[in-house]
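Q: Would you be able to build a 3D model of this:
(one chain, ligands or ions: 1)
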Amino acid sequence: RLYQDLKDLPKADWDFVIVGAGPAGSVLAHRLSEVKSNNVLLIEAGPSNENILEMSIPFFASRLIAATPWDWNYTTIPQEGLDGRELPFPRGHVLGGSSSTNFMVHTRGSSDDYDEFARLTGDPGWSWESMLPYFMKNERWSSFDPKPELDCTRTHNPSVHGTKGKTSVSQSAYGSEVDCVLLSTTEDPESEFSFNKDFNSGTPLGLGWPQANVGNGTRSSAATSYLGKDAMARKNLHVVINTLATRVIGEKERDTLSVKQVELVSKVTGVKKTVKASKELILSAGSVGSPAILLHSGIGGKTLPGKKLLHKLPDVGQNLLDHPMFTFLWKTKLTDTFEDYVQNATRMNELIGLWNATRSGPLANTYPNAIGWHRLPVDDPIFAEEADPSSGDKTAHLEFIFINGNLPASTLPDGNYLSIVVALVTPSSAGSVTLASADPFKAPLIDPAFLTSKFDVHAFRYGAKLAQRFANLTVMQNVLLEPANFDPNWTDDELDAWIRENMISVFHPMKTCRASRKGSKIGVVDPDLKVKGVKGLRVVDASVFPLLISAHTTAPVYALAERAADLIKKEWS
Ligand SMILES: Cc1cc2nc3c(=O)[nH]c(=O)nc-3n(C[C@H](O)[C@H](O)[C@H](O)COP(=O)(O)OP(=O)(O)OC[C@H]3O[C@@H](n4cnc5c(N)ncnc54)[C@H](O)[C@@H]3O)c2cc1C
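A: Here you go, the predicted structure:
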């Protein structure tokens, strides 16, 4: 059942209370309520995802993040590495969390990422081999029906994909001329990307076809899948929206803090209530929300003046890692780019009509046309000065997203464009989430500390040059005109300065409640995701990853939550 307001909740006592209805919280609510005797309450600060066209049409994802009611509308603190710039730091504030507002790119990272997760926590259950079944459990692979004349044989490896899960995964159904051009670069001996049939097989390096959380031409989010009609019809699952969890309430029993309650405030009526979880309270409020709730509860390193520290865990909110990115644009001779409809209102209305009628056409696609994953060479001079931050040889340092148009939609003259987004997926600059005020309605201080390490500056410069070498390949030169937002003749210093001025976040924060080995003094949660030294409280979301996964982070969170649900079910069976 869905409640619009906290005052309508029928009772205050539940077996499991989950805070945050993003990918993690929605998986837990779905799986824990599969057991009929479990009474489950899921709490979400944001509104419903229903009847929002932009949340259903994949191509409109970029309309969801700037100053909307479906986003927390955070900004970072001034970034030292970016000449003091403050950056938007969107996080979904709606049923489904950021999976209702994100760009739907479906990637898992490398097998080394998960083997490193297992090593850092001493729990082989987080290894790639153990996690692959959970990635597959999450997925419902959907077929596609591309325009035959434009299809240069989309590929994937069916043996690593699930077909019975909740989240739809598909490859773009609508082909563009540039697709085949991009893929054919892998046949050029000069290319630094070899062809990768399926970069979600644990070995992502190379260039291949993107996969997306899209089914039947429509966004598949945690709200449309795990909180779909089947789950919402269950008598033992209750979901309350428009409700902020302000703090967990615990009692000290010798060295252990026992947590059973959470304080809630309605964002509609201001009604305040405390609800009880007799089995477990689980925070799934994301990499900003979960550490903020812990800090407001007096669980962390230090408190704000006048506030009591209930339980010392200095790592709460620390170690924030996020992927930075920038976009290089070229003018292109191709004519079927986004600009065909973004710059033409009549054509756009036709395409909205087509999507409404048949869930097809270019609006049924997300943005990437191809994705490449690349490692810096082993003899790169940076490794003489800085340790390699990646989890192993299979892990990419850089991601290249090739897009058939001007994604940032920055003010450029009319025309057709190709974007190459360069993302650093193994940054070594780490920051924090801390409290600005004791008022839980005030935004926390978010500091990703972008580009504050030598490695990050170097790797980005390397990525910028590699993107230009890619554009110089013969097949690319056949379709590209001149660069549109950068100068290939810049010196390294000029290039670095442009990157500082133009980079943004890819919105993939992790590690602010990192997991560590049982008994370890560092970290926030044990390998089973229980908060260290606290009874009755787990954190299950992007914040618990002990490293930043070298990929877009939704699929990793879904898989993590699927395993966490099994751990919790087993403990209470
Ligand atoms: C704009 C954008 C684009 C992205 N693009 C991609 C992409 O293309 N592919 C990809 O794989 N990943 C992408 N991501 C990242 C991905 O969406 C996240 O990694 C993932 O959603 C994290 O899941 P989560 O459950 O940890 O947290 P979230 O999805 O952030 O969910 C947390 C939920 O908790 C709620 N909450 C927070 N605090 C409270 C509180 N105090 N009380 C009650 N509720 C609370 C929030 O409102 C939210 O609904 C993108 C993210 C954004 C923001």
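Q: Please identify the buried residues of stretch 477-489?
A: For stretch 477-489, burial by neighbour count (16 or more other Cβ atoms under 10 Å) applies to 479-480, 484-486. Where you see a C-beta, it was placed from the backbone N, CA and C, and this is true even at glycine.
Q: Next up, the contacts around W209.
A: If a contact means Cβ atoms under 8 Å, 6 or more residues apart in numbering, then W209 has 154-156, 171-172, 183, 198, 370 as its contacts.
Q: I meant S99, not that one.
A: Contacts for S99 were tallied using Cβ under 8 Å, 6+ apart; they are 22-23, 26, 92, 213, 221-223, 554.
Q: among these, which are in reach of the ligand?
A: With Cβ under 6 Å from any ligand atom as the criterion, the subset of the contacts of S99 in contact with the ligand comprises 22-23, 92, 554.
Q: who wins for most neighbours among those?
A: Of all the ones next to the ligand among the contacts of S99, the most densely surrounded is P23 (36 neighbours; neighbours counted as other Cβ atoms under 10 Å).
Q: quick revisit: among the buried residues of stretch 477-489, name the ones in strands.
A: Mapping the buried residues of stretch 477-489 onto strands (DSSP state E) picks out L480.
Q: Redo the buried residues of stretch 477-489 as CSV? Include distance to N49 and pLDDT.
A: Shown next, in CSV, are those (distance: Cβ to Cβ, whole Å; pLDDT from 0 to 100):
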residue, distance to N49, pLDDT
V479, 38, 98
L480, 39, 98
A484, 35, 95
N485, 34, 94
F486, 37, 96
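Q: quick one: which of the buried residues of stretch 477-489 is nearest the ligand?
A: Nearest to the ligand, judged by Cβ to the nearest ligand atom, of these is N485 at 21.3 Å.
Q: Closest to L560 out of the ones next to the ligand among the contacts of S99?
A: P23 (9.0 Å; Cβ to Cβ).
Q: is it true that that closest one touches T101?
A: No - under the criterion of Cβ atoms under 8 Å, P23 makes no contact with T101, lying 11.8 Å away.
Q: what do the two both touch?
A: Among the neighbours of P23, none is also in contact with T101 (Cβ under 8 Å, 6+ apart).
Q: May I see the buried residues of stretch 183-190?
A: 183-186.
Q: Same check on stretch 443-456?
A: Neighbour-count burial for stretch 443-456 [16+ other Cβ under 10 Å]: 443-453, 455-456.
Q: Give me the subset of these lying in strands.
A: Going by DSSP E, the strands hold 445-447 from the buried residues of stretch 443-456.
Q: From those residues, pick the one nearest L412.
A: Distance to L412 across those (Cβ to Cβ) is lowest for I446, with 29.7 Å.
Q: Summarise which helices and strands the helix or strand of the chain with the lowest mean pLDDT is packed against.
A: For the chain, scoring each helix and strand by mean pLDDT, DSSP states H and E identifies helix 339-342 as the least confident one, at a mean of 89. Where contact means 3 or more Cβ pairs under 8 Å, 6 or more residues apart in numbering; DSSP states H and E, helix 339-342 is packed against helix 345-358.
Q: I'd like the distance from the helix it packs on to the chain centre, please.
A: 29 Å (Cα atoms, centre = their mean, to the nearest Å).
Q: now stretch 375-391
A: Distance of stretch 375-391 from the chain centroid (Cα atoms, centre = their mean) equals 26 Å.
Q: Please enumerate the helices of the stretch 351-500 of the chain.
A: Along the stretch 351-500 of the chain, the segments classed as helices by DSSP state H, counting those that start in this stretch run 382-385, 454-471, 474-477, 492-502.
Q: Show me which residues of the stretch 101-250 of the chain sit near the ligand.
A: Among all residues of the stretch 101-250 of the chain, those adjacent to the ligand (criterion: Cβ under 6 Å from any ligand atom) are 101-105, 244-245.
Q: Ranking by neighbours, what's the top pick from those residues?
A: The most crowded member of these is T101, carrying 29 neighbours; neighbours defined as other Cβ under 10 Å.
Q: Just to check, that residue is in contact with W72?
A: No - contact status for T101 versus W72: not in contact, 10.2 Å apart, counting by Cβ under 8 Å.
Q: what is in contact with these two at once?
A: Taking Cβ under 8 Å, 6+ apart as the criterion, T101 and W72 both touch 90, 92.
Q: Quick check, pLDDT for V506.
A: Confidence per residue is given as pLDDT, and for V506 that number is 96.
Q: Spatially nearest residue to it (excluding sequence neighbours)?
A: Nearest residue to V506, sequence neighbours excluded (Cβ to Cβ, 6 or more residues apart in numbering): H323, at 4.0 Å.
Q: Done for today, thanks.
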